[in-house]
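Trainee: Structure for the following, please:
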Amino acid sequence: MIRLNAVGLSRVRRPSGSLTYGQNRSINVLPSNISRNPIIPLHQRILFLRARALSTTPVRLNIPQWPNPPVPQPPVGPSDNLTNTQFNGESEKESFWRKWSSSASFQAALTTVVGLGMVFAAGVGYLEWYKSHVLHRIMRAFEPGYDPALELSTLHAPNSSHIHRREQPLIDRIVSGVEKGGYYLIIGSKGTGKGTMILDAMRKINADGVSFCEAHPDLEVFRLRLGKALDFDFYEDWQGSLFSRADPRNGGPALDVERALNKLEKVALRYARKNGRPLVLAFNNIHLFPNTPEGHGLLHQLQQRAEAWAEGGILTMIFSTDDFWCLDTMKKNASRMRILSVYDLSASESFSALKHLRRQALANRGLQRDIEEDGILQRVYELVGGRTSYLARVARADDMLEEAEQMIEGEKQWLLSKIGLIPEHDDDVMDEQNCSWLLLRHLANMLPPLSDYPVVESNDSTSNNNELPVVEEPPADETSNSSVNVTPPPKEPSSADIHLPHVTYEAARRIMTRTDFLMDLDHYHVVSIDLNHHVRPDSLLLLRAAQQVVAEESFDEDLDTTRYRVDQIEGLHRQSELTIKEPFKVTFDKIDGKGVWEVIGLGDSFVPATEDEEEERLV
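Mentor: Presented below is the predicted three-dimensional model:
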């Protein structure tokens, strides 16, 4: 029933057993609804309207409705109970998984798993991209175009044209990839043009498939230079290193070089399959590597890769060196190594090169004049020989003869500063000065000294003083084109050619009477040792300086004095000296059958024996 009072309508719940209007359904009762509702009696509607004036709060009423009649249910059997129970369990199980899947913990776990999966997939993708990017960069380093070493050599265009040597065609074939199945060691004295020939060959093919790297005594610096030549950063730009627990460079430069060579091998395999020719990697001046076990290890590391890659025909390595110790170290494990010996130019080649360089130097300075006559050029060749670096230096001078004389004087003073004779030397400077000059004197006497300039022509047509002395030609095995020695044979010999005198390594040891100084002399560029173990002066310029020293009047005397002084010092080192400061008496006696020596110092109490006592003792 609905009760109205002064405040408004109130909801009254009847007992469950009495007749009700519905099941407590609640509605909003508004003034407009009550005034039009026919169920509410009129007097109640009037009372409600009067009470509504005192309150404007909406009133909820239970609108009674007649309930639906009950529907009879069928009886439940045993099978029906089992079916209903199983259905209810599945519903509860399904509702549990549905509730758990919609819970916050499941959402957090799912978000974590998906996030980690995306990070892992991104890391794997980045790693694969980085590996391919590294190979792409190394491949780009061998593409035609820019090369750091080649760009520096062509910076000055007028000086980019170098002297053409007879070894240049062979170098061109090696660099272009025509020569396969081996790796090459170019050995020769400094200034003979070993590195220049490699750069000229690279320039002809625009550095297509070639890379050039300079050696260095510090292996860390060499590591950076190798990375620059191969465009490889040794994984230093890999973002995954932020999460590494150890520095990847803990293994030293040898480990970084191994990483670079591993990547280079993959690039070489792709390049060889694609282009049908090997890559070329040149190492210049490998004698700059330290002559220590660490330097030897790095050299063997490069040689092992060179052997394997030469056998597969995928990459050809070129090594150039000035010192013999590199050949001596690499020869132990060399199976496919081919050696190219580079010597000075012949007389005809030197004249052509000197004319070319002189004409080029005058053009660069803007001087319009003719080059010097052949007599001056021949005299320059007699002074400095056929070394390309010396010829280039003389060609740029105002007076070539004066420059050549100054070069000989400078070489002489440098030689004396290294191994000059010191007759009254101390025992800590007795190194190899006398031994070295024994060898240099022997080599200097094997070549006739310079004649006076200008040469006066003789009336005898059968002799020509202007002709240089003919020296014994090098043996045929020095210029053989075998599988090991690939040095091209020289042109027809001329009477004007000057060949540096040489002795065998065994003869040099006997002349020096020592065996441990030859390597140091080779390192100082005093002597040069070639493939056939022939020891010769490093250059004609040094030989001329040695001839001037040997020609001095006091040289032989100073050499003998120095040798005598060395013998004295060595004798002192081999002997033991006993110094007695006071008289003493030595007695010998036997105690318990054993001999006992006793030395007694007499000191001031010693009284020399008289002559009578001495005679009595003798009797």
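Trainee: going forward, measure contacts between C-alpha atoms and count neighbours the same way
Mentor: Will do.
Trainee: any weak-confidence spans in this protein?
Mentor: Within the chain, the segments meeting pLDDT under 70 span 1-40, 42-94, 153-161, 235-251, 426-433, 454-483, 492, 571-573, 575-584, 599-619.
Trainee: got the buried residues for whichever helix in the chain runs longest?
Mentor: For the chain, the helix reaching the highest residue count under DSSP state H is reported as helix 104-141. If you call a residue buried by 16 or more other C-alpha atoms under 10 Å, then helix 104-141 has these buried ones: 130, 134, 135, 137, 138, 139, 140, 141.
Trainee: Export those residues as a markdown table, with columns for distance to residue 295.
Mentor: Formatted as a markdown table, the buried residues of helix 104-141 follow (distance: C-alpha to C-alpha, whole Å):
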| residue | distance to residue 295 |
| --- | --- |
| 130 | 31 |
| 134 | 27 |
| 135 | 28 |
| 137 | 28 |
| 138 | 25 |
| 139 | 28 |
| 140 | 29 |
| 141 | 26 |
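Trainee: quick check, nearest of the residues you listed to residue 549?
Mentor: Using C-alpha to C-alpha, residue 141 is the member of the buried residues of helix 104-141 that lies nearest residue 549, at 51.0 Å.
Trainee: wouldn't the closest one be in contact with residue 207 here?
Mentor: No - at 9.5 Å, residue 141 and residue 207 do not qualify as touching, with contact defined as C-alpha atoms under 8 Å.
Trainee: Would you mind grabbing the residues shared as contacts by the two?
Mentor: Residues within reach of residue 141 and of residue 207 at once, by C-alpha atoms under 8 Å, 6 or more residues apart in numbering, are residue 147.
Trainee: for the helix or strand just after the longest helix of the chain, packing partners?
Mentor: Tracing the chain past helix 104-141, the next element assigned as helix or strand by DSSP states H and E is helix 148-153. Packing contacts for helix 148-153, counted by 3 or more C-alpha pairs under 8 Å, 6 or more residues apart in numbering; DSSP states H and E, involve helix 194-204.
Trainee: who's in contact with the helix it packs on?
Mentor: Counting by C-alpha under 8 Å, 6+ apart, 149-150, 153, 162, 168, 171-172, 175-176, 186-188, 208, 210, 284, 320, 342 sit against helix 194-204.
Trainee: Could you do stretch 129-148 as well?
Mentor: Stretch 129-148 is contacted from outside by 205-212, 229-232, 238, 263-264, 266-267, 279, using C-alpha under 8 Å, 6+ apart.
Trainee: let's go with 7 Å and repeat that
Mentor: Residues from elsewhere that reach stretch 129-148 (C-alpha atoms under 7 Å, 6 or more residues apart in numbering): 206, 207, 208, 209, 210, 211, 230, 231, 232, 263, 267.
Trainee: now do stretch 512-523
Mentor: 323, 432, 435, 436, 438, 439, 509, 527, 528.
Trainee: end to end, how far does that stretch reach?
Mentor: Counting by C-alpha to C-alpha, to the nearest Å, you get 17 Å between the two ends of stretch 512-523.
Trainee: what do you get for stretch 271-284?
Mentor: Start-to-end, stretch 271-284 (C-alpha to C-alpha) is 23 Å.
Trainee: Now it: buried residues?
Mentor: So for stretch 271-284, counting by 16+ other C-alpha under 10 Å, buried means 271, 272, 277, 278, 279, 280, 281, 282, 283, 284.
Trainee: Also stretch 410-422?
Mentor: Using 16+ other C-alpha under 10 Å as the test for burial, stretch 410-422 gives 411, 412, 415, 419, 420, 421, 422.
Trainee: repeat for stretch 319-331
Mentor: Across stretch 319-331, burial judged by 16+ other C-alpha under 10 Å covers 319, 320, 321, 322, 323, 324, 325, 326, 327, 330.
Trainee: ok so, going back, take the contacts of stretch 129-148 and keep only those in strands.
Mentor: Using DSSP state E, the subset of the contacts of stretch 129-148 located in strands is 210, 211.
Trainee: Kindly reformat the contacts of stretch 129-148 as JSON lines containing neighbour count.
Mentor: As requested, those are exported to JSON lines (neighbours: other C-alpha atoms under 10 Å):
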{"residue": "206", "neighbour count": "17"}
{"residue": "207", "neighbour count": "24"}
{"residue": "208", "neighbour count": "21"}
{"residue": "209", "neighbour count": "25"}
{"residue": "210", "neighbour count": "27"}
{"residue": "211", "neighbour count": "26"}
{"residue": "230", "neighbour count": "24"}
{"residue": "231", "neighbour count": "20"}
{"residue": "232", "neighbour count": "22"}
{"residue": "263", "neighbour count": "18"}
{"residue": "267", "neighbour count": "22"}
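Trainee: What ranges does this protein have for its strands?
Mentor: 2-4, 9-11, 26-29, 59-62, 183-188, 210-214, 279-284, 315-321, 337-342, 503-504, 527-529, 534-537, 584-591, 594-601.
Trainee: Output those strands as TSV; include the columns distance to residue 375.
Mentor: Listed next are the strands of the chain as TSV, based on distance: least, C-alpha to C-alpha, whole Å:
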stretch	distance to residue 375
strand 2-4	145
strand 9-11	140
strand 26-29	132
strand 59-62	134
strand 183-188	29
strand 210-214	40
strand 279-284	37
strand 315-321	35
strand 337-342	27
strand 503-504	31
strand 527-529	29
strand 534-537	26
strand 584-591	81
strand 594-601	83
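Trainee: quick one on the thing from earlier: out of the contacts of stretch 512-523, flag the one nearest to residue 124.
Mentor: Comparing the contacts of stretch 512-523 against residue 124 with C-alpha to C-alpha picks out residue 323 as the nearest, at 48.3 Å.
Trainee: Looks like that closest one contacts residue 287 (just checking).
Mentor: Yes - with contacts counted by C-alpha atoms under 7 Å, residue 323 reaches residue 287, the gap being 5.8 Å.
Trainee: Mind listing the shared neighbours of those two?
Mentor: By C-alpha under 7 Å, 6+ apart, residue 323 and residue 287 have no common neighbours.
Trainee: returning to what we had before: looking at the buried residues of stretch 410-422, which are in helices?
Mentor: 411, 412, 415, 419.
Trainee: which residues touch the second one?
Mentor: So that's residue 412. Residue 412 sits in contact with 545, 546, where contact means C-alpha under 7 Å, 6+ apart.
Trainee: cool, and the third one?
Mentor: Residue 415 makes contact with no residue under the criterion C-alpha under 7 Å, 6+ apart.
Trainee: What's the separation between it and residue 402?
Mentor: In terms of C-alpha to C-alpha, residue 415 sits 20 Å off from residue 402.
Trainee: Just give me the neighbour total for residue 311.
Mentor: Number of residues near residue 311 (other C-alpha atoms under 10 Å) recorded here: 17.
Trainee: Equivalent analysis for residue 516, please.
Mentor: 11.
Trainee: and it, backbone torsions?
Mentor: phi -110, psi 10 (degrees, to the nearest 10).
Trainee: Make residue 1 into 3 and carry on from there
Mentor: Got it, the first residue is 3 from now on, which makes the last one we talked about residue 518.
Trainee: thinking again about what came up before, could you save the buried residues of stretch 273-286 as a markdown table and add columns showing distance to residue 121?
Mentor: Shown next, in a markdown table, are the buried residues of stretch 273-286 (distance: C-alpha to C-alpha, whole Å):
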| residue | distance to residue 121 |
| --- | --- |
| 273 | 34 |
| 274 | 37 |
| 279 | 42 |
| 280 | 40 |
| 281 | 39 |
| 282 | 41 |
| 283 | 40 |
| 284 | 42 |
| 285 | 43 |
| 286 | 46 |
